[in-house]
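> can't give you the sequence, but here's the structure:
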């Protein structure tokens, strides 16, 4: 049997994971990435649960731990910087790992690069499929034909647009925008995230590993004419949304004005009735984005592994493999998509009363955890 070729659009998290496992299943993967190199977002992401198991099978657990951040807690502060609540975020044990997206993408790329073709600074421009394969045209490279095409190119997926329809039909704005930016200096306490809230707004300083990272999270209706690539528009939106805020916000806005590395986008939920059409299938955020609050990297890695497993089980019947992949992976995705409003209420309370309830709840959390442990001990 001729080795089957698969084009994967996107070299973030899902793409390299899928390339790794497809190569081991006897496929010949090609990964095309619009950026000139690996993506540089330093935002923290989690590898937990099923994704941690995928990483273990790839032999990457120790590399992930070596790249992990040292965060152990999140502290909530008021306008004057006084602590008003705190939640624990793990003690460094177990298999779950937090690391920057930059480090995760690099580790996954290095694990797969020996068995996959990577083409940077190019993207899919057109798709024409028939019963035997997919003819693909590119922005820069020559046209090629592949047996299958997988879109792992994120919230604003070009493959999804070409094969399924315009973005507006599948992407739902969840009433929140998020911006991230590297700070110009390290954070003194590398074990703690510090978050400031005012009604409908949050600012979090994350220590990361080298330079700190600041995240602006704010409730806002969909912005007419919003362009996720327009940095100057993003700076104006942050200025107007955070006017009058306390704590370190004025200082951080000064850094925003001078920033050359600012990311801002909508917190969105992607929903499609099916993740596959013919020989084209979606994975990661392109299929089921749950944005900032939904374990996106964990879902990307676990979904890519499931897709590769199902394609390996029936290489001659990709349609059946796609159906099994979707049925299995939706069981992980659907609960997390439903939890987005709950997570937003926790991190970005809309009112001062909501902030007070959240802060009070964080003070009760240690007591609740202790009671649960005591109950478990008595029942053992």
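Thanks, I have the structure now. Everything numeric in this text was worked out from a predicted model, so none of it was measured. Numbering: from 1, shown residues only.

> thought residue 73 was touching residue 83?
No. Shown here, residue 73 and residue 83 do not form a contact pair, counting by Cβ atoms under 8 Å, at 10.6 Å. Glycine gets a C-beta too; all of them are placed from N, C-alpha and C.

> Looking at those two, which is more packed in?
Applying other Cβ atoms under 10 Å to residue 73 and residue 83 shows that residue 73 carries more neighbours, namely 15 against 12.

> and the more buried one, what does it touch?
Residues near residue 73 by Cβ atoms under 8 Å, 6 or more residues apart in numbering: 86, 87, 88, 89, 191, 192, 193.

> Enumerate the beta-bridge partners assigned to the last one.
So that's residue 193. Taking DSSP bridges as the rule, residue 193 bridges to residue 74.

> measure it to residue 89 for me?
Separation of residue 193 from residue 89 (Cβ to Cβ, to the nearest Å): 8 Å.

> same check, this time on residue 175
25 Å.

> Show me where the stretch 1-150 of the chain has its strands.
Using DSSP state E, counting those that start in this stretch, the strands found in the stretch 1-150 of the chain span residues 5-9, 28-33, 44-47, 73-77, 83-88, 97-100, 117-120, 124-130, 133-138, 144-146, 148-151.

> The fourth one: which residues count as buried?
Right, the one you point to is strand 73-77. 74, 75, 76, 77 (16 or more other Cβ atoms under 10 Å).

> from those residues, which is closest to residue 131?
Checking these against residue 131 by Cβ to Cβ gives residue 74 as the nearest, at 52.4 Å.

> quick one: contacts for that closest one?
Contacts for residue 74 (Cβ under 8 Å, 6+ apart) come out as 86, 87, 89, 192, 193, 194, 195, 204.

> Apart from its chain neighbours, what residue comes closest to residue 141?
Nearest in space to residue 141, with sequence neighbours left out and distances taken as Cβ to Cβ, 6 or more residues apart in numbering, is residue 122 at 5.2 Å.

> ugh, typo on my part, it should be residue 126
Distances taken as Cβ to Cβ, 6+ apart put residue 137 closest to residue 126, at 4.0 Å, once the chain neighbours are dropped.

> looking at it, the one you found is touching residue 125, isn't it?
Yes. Look at residue 137 against residue 125 with Cβ under 8 Å: they come within range, at 4.8 Å.

> Against residue 267, how distant is the residue nearest to residue 154 when sequence neighbours are not counted?
Of all residues not flanking residue 154 in the chain, residue 285 sits nearest, at 4.8 Å (Cβ to Cβ, 6+ apart). For residue 285, the distance to residue 267 (Cβ to Cβ) stands at 12 Å.

> repeat for residue 149
Counting by Cβ to Cβ, the gap from residue 149 to residue 267 is 28 Å.

> go on, residue 88?
As judged by Cβ to Cβ, residue 88 and residue 267 stand 25 Å apart.

> of these two, who's got more company?
Neighbours of residue 88 and residue 267, each counted by other Cβ under 10 Å, are more numerous for residue 267; the result is 26 against 12.
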